[in-house]
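Engineer: here you go, sequence then predicted model.
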Amino acid sequence: MRLVTSDGELIQRAATGDRSAFEDLYRRYARPVFGLALRRLGDRGRAEDAVQETFASVWRSAGSYKPERGPGAPWLYAVARNAIVDRARARTETPADIPDEAADAPGPPDRAEQSWVAWRVHRALEELPEREREVIGLAYWSGLSQSEVAEFLGIPLGTVKTRTRSALQHLSEILGDEL
């Protein structure tokens, strides 16, 4: 006949680092503690977290158990109760608000399309003559007006307009029906 080790003895052995004693405690009490946590918290995931927290606390604080104060089970349930109360207080996860409308931000397919278009336009710009590429770059990427481009390059405004028109015509021919 096998003698059953008391809860108090298992807790005391766990306090010395005895893993098998701790595993015995876990096997005895994990389900009842889970049931208690589930009833109190009403959520399976949070109840599982409370069980994990309970047994982590038992492992860390088993040395604080005093057998002269009473049996081990009430001590273990007090640890569980504290973990459950902590879990109930830590209701930090706010429920996600479901938006009324779809987001205006582009999704992955839109961003992929935008990236491809940007890549293709940059490739087409590389095919332009240097003078045309220069006026387009200053106007579109530097945000300069045609007058500012003329001043920056030290050329007449009419020349900037001619080069811009020519560059846009060339880009249209290069890109064709792609965009």
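Structural biologist: On my side now, so go ahead.

Engineer: least trustworthy helix or strand in the chain by mean pLDDT?
Structural biologist: Scoring the helices and strands of the chain by mean pLDDT, DSSP states H and E places helix 108-126 at the bottom, with a mean of 77.

Engineer: any idea how far that one is from the chain center?
Structural biologist: Offset of helix 108-126 from its chain centre (C-alpha atoms, centre = their mean, to the nearest Å): 28 Å.

Engineer: list of residues touching that helix?
Structural biologist: Contacts with helix 108-126, where a contact means C-beta atoms under 8 Å, 6 or more residues apart in numbering, come from Pro106, Arg133, Ile136, Gly137, Leu171, Ile174, Leu175, Glu178, Leu179. Quick note: C-beta positions are derived from backbone N, CA and C, even for glycine.

Engineer: how about these, which pair is most distant?
Structural biologist: Pairwise distances across these peak at 27.9 Å for Pro106 and Arg133 (criterion: C-beta to C-beta).

Engineer: tell me which of these two has more neighbours.
Structural biologist: The neighbour comparison of Pro106 against Arg133 (other C-beta atoms under 10 Å) goes to Arg133, with 16 against 11.

Engineer: isn't the more buried one up against Thr164?
Structural biologist: No. With contacts counted by C-beta atoms under 8 Å, Arg133 stays clear of Thr164, the gap being 11.1 Å.

Engineer: now do the helices in this protein.
Structural biologist: Taking DSSP state H as the criterion, the chain contains helices spanning 7-15, 19-41, 44-61, 72-89, 108-126, 130-136, 146-153, 157-175.

Engineer: most tightly surrounded among those helices?
Structural biologist: Neighbour counts (mean count of other C-beta atoms under 10 Å) averaged over each of these peak at helix 7-15, with a mean of 20.

Engineer: how about Glu178, nearest residue that isn't a chain neighbour?
Structural biologist: Excluding the flanking residues, the one nearest Glu178 by C-beta to C-beta, 6 or more residues apart in numbering is Arg120, at 6.3 Å.

Engineer: ugh, wrong one, Arg28
Structural biologist: Per C-beta to C-beta, 6+ apart, closest to Arg28 is Asp7, 7.2 Å.

Engineer: need the contact list for that neighbour.
Structural biologist: Taking C-beta under 8 Å, 6+ apart as the criterion, Asp7 is in contact with Leu25, Arg28, Pro71, Gly72, Ala73, Leu76.

Engineer: just name the closest of the residues you listed to Asp43, please.
Structural biologist: Nearest to Asp43 among those is Leu76, at 22.1 Å by C-beta to C-beta.

Engineer: quick check: that closest one touching Ile11?
Structural biologist: Yes. The criterion here is C-beta under 8 Å, and Leu76 meets it with Ile11 at 7.1 Å.

Engineer: any shared contact partners between those two?
Structural biologist: Contact criterion C-beta under 8 Å, 6+ apart; residues shared by Leu76 and Ile11: Leu25, Val58.
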